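# Just need the structure, nothing else, for what follows:
(one chain, ligands or ions: 1)
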Amino acid sequence: MTLRQRIRSTRFVLTLWYSIILLAAFILFGAGVYVYLRHVEEAGLEQNLVEEIDWISRLVDLERSRIDVWTLSDLSNDVGQRIVAHYNVNPRNYDVVLAFVNGTILYRSPSGRSFLVSGTILPPDRTLLQSVTSPDREVYRVALRRTDPFIIQVAYSETATETVLGHLLSIFGVLMPVVLFVAFAGGWIMAGMVLRPIGQITRLADRISAKNLSERIPQRDVPDELGQLITTINRMIARLESSFSQIREFSLSVAHELRTPLTILKGESELALARALTREETERLVTTYLEETVRMSRIVDDLLTLAKADAGQIKIQKEAVELSRLLRDIHEDAVILSSDKPLNVELRRNDQVTVLGDEARLRQLFRVLLSNAVQYTDPGGSVSISSRRAGGEVHIDIEDTGIGIPQDALDKVFQRFYRVDEARTRVKGGSGLGLSIAQWIANAHSGSVSVRSAVGKGSCFTVTLPVRDG
Ligand code: ADP
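Numbering: from 1, shown residues only. Predicted structure coming up:
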């Protein structure tokens with residue numbers, strides 16, 4: 001397999017999609033974790049800042065009463081001591097600044113970063129939260145509150161949070177190629193496992209040709225999709241096998257049918273060449289030539305009709321056909337057909353019915369049945385035609401009192417080249433294709449042909465066609 005083929009193979013495409021989907025899931029998961037952690041951290045920090053501001057607010061409430069009594073440095077010392085004591089108990093690295101609204105600083109924690117803004121833009125007793133970047137590029141989360149006459153600031157560096165989140169990103173970054181590799185390798189192995197039986201099926205199917213259509217792909221024990229595929233392919237091979245054997249039989253039959261007249265023609269020609277012929281002999285010879293040629297062209301015509309019908313090349317022109325008139329014509333034809341044989345040919349019942357169809361083809365269908373009836377009925381017998389309407393259908397019976405058909409041959413008479421009595425019918429000139437053509441015509445008109453018969457008593461062929469109403 002070339003690289004190009006490999007890249008286009010189902011295995012590669014499956015693996016690729018699998019890896020892409022897994023990677024996308026991993027990225028989504030990573031992004032989710034990152035966003036969630038950042039949110040939790042930020043919310044936690046903000047809550048802490050607000051709690052600190054609340055605490056300092058409560059502290060300065062006490063100082064408010066001392067503003068007029070104490071000096072600024074006493075106030076500053078007192079506040080400073082309380083705040084320092086507080087952070088001794090809860091050591092956190094907050095940047096706390098306490099100032100008067102006019103900007104005079106009362107207390108500043110040792111790290112001492114001030115992000116104070118003018119007291120006038122702060123709404124009283126509300127906490128303002130914002131992120132501020134210090135001159136040394138560190139980001140701080142700053143909480144400010146104005147609680148007259150003071151402004152309180154509590155700030156905390158976000159660097160620690162950023163560092164943790166940065167580490168998380170690095171871990172994801174390192175894990176991503178690993179995940180991608182594992183997904184691709186795992187996907188490749190899994191796709192290979194799943195597709196292996198398909199490879200076996202392909203190789204076996206490749207081996208099967210017209211010569212070994214009896215071979216089958218071994219069934220899998222598991223009734224999964226591949227098992228179903230194998231069953232379907234095996235069924236298809238069985239159908240092909242049956243079609244091939246039908247074609248083979250058909251070709252043999254065609255060769256067999258044409259060989260007899262050709263042998264006769266060859267024998268007669270050799271005889272004619274062997275010696276000078278009298279006038280009568282020449283006449284007899286030419287008559288034989290003509291008969292055999294007519295027989296061969298009939299076979300070829302019938303074969304051509306069936307071959308075209310099989311290929312769907314024959315268009316059935318559907319128009320309204322008055323069946324009663326058609327049957328009257330057919331009856332007259334049958335009378336002429338049986339003129340060299342004393343037969344009683346009658347039209348018994350003829351319901352007024354119109355069908356939708358191709359008149360020429362329907363005529364051909366009834367001619368086949370009538371010429372068979374005449375052909376297989378001995379002199380003195382009778383042939384009858386009758387049509388009766390039943391609901392949306394019309395049944396046309398072509399009945400004779402002829403030799404009949406044995407029960408075991410009834411379902412075979414519609415097969416191509418089948419004859420009940422080979423020797424007898426061949427002498428009578430039948431090709432064995434008439435009933436196949438009759439059945440095809442009936443089917444093409446959404447109808448059917450069926451037969452009832454008893455040996456020595458006669459046969460009845462029934463054509464059923466849909467009626468055209470209105
Ligand atoms: P064929 O040209 O030999 O008549 P068909 O396909 O028309 O071919 O008929 C097939 C075979 O069915 C005939 O060879 C004959 O043995 C039998 N068959 C058909 N019609 C009748 C009938 N009315 N009575 C007895 N046998 C019949």
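
# wait, isn't Q375 in contact with G430?
Yes: the pair Q375 / G430 is scored as a contact, 7.0 Å apart, by Cβ atoms under 8 Å. The C-beta positions use only the backbone N, C-alpha and C, and glycine is treated the same way.

# Of the two, which one has the most company?
A count of neighbours by other Cβ atoms under 10 Å puts G430 above the other of Q375 and G430, at 21 against 18.

# Just give the nearest non-adjacent residue to the more buried one, would you?
Nearest residue to G430, sequence neighbours excluded (Cβ to Cβ, 6 or more residues apart in numbering): R419, at 6.4 Å.

# I'd guess that neighbour is in a helix, am I close?
No: if the criterion is DSSP: H, G, I helix; E, B strand; the rest coil, then R419 is coil and not within a helix.

# Ramachandran angles for it?
phi -130, psi 140 (degrees, to the nearest 10).

# Verify the contact between it and L433 for me.
No: R419 lies out of contact with L433 (Cβ under 8 Å); the separation is 10.1 Å.

# Distance of R82 relative to the ligand?
Per Cβ to the nearest ligand atom, to the nearest Å, R82 is found 121 Å from the ligand.

# So that residue is in contact with L59, correct?
Yes: under the criterion of Cβ under 8 Å, R82 makes contact with L59 at 5.8 Å.

# hang on, the earlier thing: give me the number of residues near the residue nearest to G430?
Counted with other Cβ under 10 Å, R419 comes out at 17.

# Repeat that for A143.
When neighbours are counted by other Cβ under 10 Å, A143 comes out with 24.

# Which secondary structure element is home to it?
strand 139-147 (DSSP states H and E).

# Pull out the buried residues from that strand.
If you call a residue buried by 16 or more other Cβ atoms under 10 Å, then strand 139-147 has these buried ones: 140-147.

# Looking at the residue of the stretch 151-300 of the chain found nearest the ligand now. What's its pLDDT?
At 8.8 Å from the ligand, R298 is the closest residue in the stretch 151-300 of the chain, using Cβ to the nearest ligand atom. Looking at R298, its pLDDT reads 88.

# chain center to the helix or strand harbouring it: distance?
Per DSSP H and E, R298 falls inside helix 279-310. With Cα atoms, centre = their mean, to the nearest Å as the basis, helix 279-310 stands 51 Å off its chain's centre.

# Ok, stretch 33-48 next?
50 Å.

# now do stretch 221-232
17 Å.

# same thing with stretch 301-319?
Distance of stretch 301-319 from its chain centroid, counting by Cα atoms, centre = their mean, is 33 Å.

# The chain against the ligand: which residues are in contact?
Residues of the chain that fall close to the ligand, judged by Cβ under 6 Å from any ligand atom: 368, 372-373, 376, 400, 402-405, 413, 418-421, 425, 430-436, 459.

# filter these to the buried ones?
Buried members of these, counted by 16+ other Cβ under 10 Å: 368, 372-373, 376, 400, 402-405, 413, 418-420, 425, 430-436, 459.

# out of the residues you listed, which are inside strands?
Members of these lying in strands (criterion: DSSP state E): 400, 459.

# Return the subset of the buried ones among the residues of the chain next to the ligand lying in helices.
368, 372-373, 425, 434-436 (DSSP state H).

# pLDDT-wise, what's the bottom of these?
Out of those, that is T425, at 57.

# ok, back up a step: for the residue of the stretch 151-300 of the chain closest to the ligand, give its distance to P123.
112 Å (Cβ to Cβ, to the nearest Å).

# Looking at those two, which one has more neighbours?
Using other Cβ under 10 Å as the criterion, R298 and P123 rank with R298 on top: 15 against 9.
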